[in-house]
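Visitor: give me a model of this one.
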Amino acid sequence: LRCPRNNSPVTIVQVLRQMAVNEGIGVEKLAYFLEIGEYLAENGASKVPGAGVKNMERDLGERWIGFKKNLDSIRNELGLSSKDIRNTHGEVQAILEATGYFNREKWLKAKIQEKLLHQLLENQCIKRENRSGDFGFESDRRYSGQPAFII
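Guide: Just a heads-up that it's a prediction; the model follows:
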């Protein structure tokens, strides 16, 4: 697959995804990644986030769990030194701040909350709409104009 402008398909997909996120489309799917960013900010890069471990256990199964349990003996068998566990909290924190991660995280969380609130309000409107006509009032019918409450 080739692009006439020498862009890779991956780059095009990344740009389109970013445009969608900027418009608030699919932001709720990024909540998982926000957990990872928060975890890295708190703990540095030497620990795997709990959410990541659970997903790996689910996706990779018993083989991965066995690998993790026997990691020290496997490293020893391969002639590798012990795991390099050092405090990288300050380094990771500095990188996240310098790249604007925390501002982006704040924006994404607000978008996710906005979308959840919008869905909640929409669901409430649907529930009310199902009772439409109970009282026979003209205002009890669905309003076809612009929504009165915009988030």
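
Visitor: next structured bit after the helix or strand of the chain with the lowest mean pLDDT?
Guide: Every helix and strand of the chain was ranked by mean pLDDT, DSSP states H and E. The lowest is helix 50-69, at a mean of 77. Next helix or strand after helix 50-69 toward the C-terminus (DSSP states H and E): helix 71-77.

Visitor: next one: that following helix to chain centre, how far?
Guide: Put simply, helix 71-77 sits 33 Å off its chain's centre (CA atoms, centre = their mean, to the nearest Å).

Visitor: past it, which element shows up next along the chain?
Guide: Helix 71-77 is succeeded, C-terminally, by helix 89-98 (DSSP H and E).

Visitor: counting by contacts, list what that following helix packs against.
Guide: helix 31-43 (3 or more CB pairs under 8 Å, 6 or more residues apart in numbering; DSSP states H and E). For glycine as for every other residue, the C-beta is placed from the backbone atoms N, C-alpha and C.

Visitor: check which residues of the least confident helix or strand of the chain are buried.
Guide: When burial is assessed from 16 or more other CB atoms under 10 Å, helix 50-69 yields no buried residues.
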